[in-house]
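Asker: Sequence first, predicted model second:
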Amino acid sequence: MSAVSPTQAPTPPRNLQADPKPSFVENARIRELSNRIRSYLRAGIPVHLRGPAGCGKTSIAMHVSQSLGRPVVLVAGDRNMTTADLVGAKSGYQTKRVVDNFVTSVTRVEENVVQGWQDHRLTVACRDGYTFVYDEFNRSPASANNVLLSILEERVLILPSRGKEEEYVRVDPRFSLILTSNPTEYAGTHSVQDALADRMITIDLDHQDRNTEVDITVSRAGAPRGVVERIVDFVRAYRESGAYDQPPTMRASIMIAKIVQAGGLKTTMNNRLFGQICADVLESKRGSEGDRALRAARRDFLEALARHHFDGAPAPVLGAAIGPAGASAPPAPANAGPETVVRGCAS
């Protein structure tokens, strides 16, 4: 094997947010997790953050990456991803033409055509010791991700042959790899091959606790903490109810809080605009498109849940037909009346 000397020097990737993100919230829980991830990366071991949408995988990955003091390269997995998209590919031709007309009556022409090569992000990161963040890497097929095996085991990046000899790049000791994936996503994902999973530390993440969600939403939306707490409690109660096909995440809280703050709105269902905002953000997650009665029952439950959290109305209790048996909203405020049962029609 021979070490690579690229025909065409690549342009170094731009450092993605070298300074810490101002809105990133690092409480004790996240700080402890970040410290663990950094210790694994400094030991040369890649880290895989696995969790549902909206749990903060990518934000934590970028936060840790930026704290390492090296440029960060970010790539998002895709079902059309190939090895060439990660490491590089042949790119055009370089032609050299020499015309020798030293003797007037004799002309000699020499032509040399060499196919060029363009390094892509993984090759640049390996060679220069950058931090490589591979977001939602399980959306890429295993055939594209197999190139990571030699990087993690032999610390060598094997490139497609450009001639008779196989070429490679030795991985810089400062190179770090963070991967993220969503195991609950059912569309457009691939199983992670055992050989790759065995070479990394996988950390399972879940939705953040209430205080963390409140802290993050306050930071991202800029809304008063009291307003944010009611919004977060409402979204979390809806998530716990199970009256949906797609669980609402912290992003729903951030969206509602941003809109409320930008418009100076009052968080009461007596304000029709605020009620419509809650519906627009959350109703698409209720699902059950083929069952009108079930959709209507879930819509009524969501509205009743909002009135409970924002106006002190009775806490709705799910009927067995629209949510898990025995599921209910959190206890009503002290001034609330009796519970309201919301029932749906069985499909």
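Answerer: Everything's here; your move. A quick note: this is a predicted structure, and the numbers were derived from the prediction, not measured.
Asker: give me the beta-bridge partners of D135?
Answerer: Legend: beta-bridge partners of D135 under DSSP bridges are A76.
Asker: Report how many residues lie close to it.
Answerer: Look at D135: counted by other C-beta atoms under 10 Å, it has 18 neighbours. Every residue, glycine included, has its C-beta placed from N, CA and C.
Asker: Likewise for T249?
Answerer: 19.
Asker: tell me which residues in stretch 291-304 are buried?
Answerer: Neighbour-count burial for stretch 291-304 flags D291, L294, R295, A297, R298, R299, D300, F301, L302, E303, A304 (criterion: 16 or more other C-beta atoms under 10 Å).
Asker: Which of those sits closest to A223?
Answerer: Of all these, A223 sits closest to L302, with 21.1 Å by C-beta to C-beta.
Asker: Can you give me the distance of the closest one to S253?
Answerer: L302 sits 15 Å away from S253, going by C-beta to C-beta, to the nearest Å.
Asker: so what does the lengthiest helix in the chain touch, helix or strand wise?
Answerer: The helix spanning the most residues in the chain, taking DSSP state H as the definition, is helix 292-311. Packing partners of helix 292-311 (3 or more C-beta pairs under 8 Å, 6 or more residues apart in numbering; DSSP states H and E): helix 225-241, helix 272-282, strand 316-318, strand 340-342.
Asker: and that helix, C-alpha only, in CSV?
Answerer: Output in CSV follows, covering the C-alpha atoms of helix 292-311 (Å, rounded to 0.1, in the frame of the first residue of the first chain):
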residue,chain,number,x,y,z
ARG,A,292,-62.8,10.1,11.7
ALA,A,293,-64.4,9.3,15.0
LEU,A,294,-61.1,8.5,16.7
ARG,A,295,-59.5,11.7,15.3
ALA,A,296,-62.4,13.8,16.6
ALA,A,297,-62.2,12.2,20.0
ARG,A,298,-58.4,12.8,20.2
ARG,A,299,-58.9,16.4,19.1
ASP,A,300,-61.5,16.9,21.8
PHE,A,301,-59.1,15.4,24.3
LEU,A,302,-56.3,17.7,23.2
GLU,A,303,-58.5,20.7,23.6
ALA,A,304,-59.7,19.6,27.0
LEU,A,305,-56.1,19.0,28.1
ALA,A,306,-55.1,22.5,27.0
ARG,A,307,-58.1,24.0,28.9
HIS,A,308,-57.0,22.0,32.0
HIS,A,309,-53.4,23.4,31.9
PHE,A,310,-54.0,26.9,30.8
ASP,A,311,-57.5,27.7,32.2
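Asker: now that helix and helix 225-241, what's the angle there?
Answerer: With axes from the mean of the first three to the mean of the last three C-alpha atoms, to 10 degrees defining the directions, helix 292-311 sits at 150 degrees from helix 225-241.
Asker: Show me which residues of stretch 233-249 are buried.
Answerer: So, applying 16+ other C-beta under 10 Å, buried residues of stretch 233-249: 233-239, 241, 243-244, 247-249.
Asker: With stretch 69-76 instead?
Answerer: Neighbour-count burial for stretch 69-76 [16+ other C-beta under 10 Å]: R70, P71, V72, V73, L74, V75.
Asker: Which pLDDT value does the model give the first one?
Answerer: In the predicted model, R70 carries a pLDDT score of 92.
Asker: quick one: it and G129, what's the gap?
Answerer: 6 Å.
Asker: Any idea how far stretch 292-306 is from the middle of the chain?
Answerer: 30 Å (C-alpha atoms, centre = their mean, to the nearest Å).
Asker: for stretch 232-245, same thing?
Answerer: 22 Å.
Asker: Ok, stretch 254-270 next?
Answerer: Distance, centroid of stretch 254-270 to centroid of chain: 26 Å (C-alpha atoms, centre = their mean).
Asker: Name the nearest of the buried residues of stretch 233-249 relative to D172.
Answerer: T249 (36.2 Å).
Asker: which ones are touching that closest one?
Answerer: P52, A53, G54, C55, H207, R239 (C-beta atoms under 8 Å, 6 or more residues apart in numbering).
Asker: List only those of those flagged as buried.
Answerer: G54, C55, H207, R239.
Asker: Identify the residue spatially nearest to the first one, adjacent ones excluded.
Answerer: Think G54. The shortest distance from G54 to any non-neighbouring residue, by C-beta to C-beta, 6 or more residues apart in numbering, is to T249 (2.4 Å).
Asker: For that neighbour, give me the pLDDT.
Answerer: 92.
Asker: R295 too?
Answerer: R295 is given a pLDDT of 86.
Asker: gap between it and A142?
Answerer: From R295 to A142 the distance is 38 Å (C-beta to C-beta).
Asker: R220 now?
Answerer: 35 Å.
Asker: who has more neighbours, the two?
Answerer: A direct count of neighbours by other C-beta under 10 Å for R220 and A142 places R220 higher, at 19 against 13.
Asker: Let's see the pLDDT reported for P183.
Answerer: 82.
Asker: Count the neighbours of the residue lying closest to it once chain neighbours are set aside for me.
Answerer: Of all residues not flanking P183 in the chain, R50 sits nearest, at 5.6 Å (C-beta to C-beta, 6+ apart). R50 sits with 19 neighbouring residues when counted by other C-beta under 10 Å.
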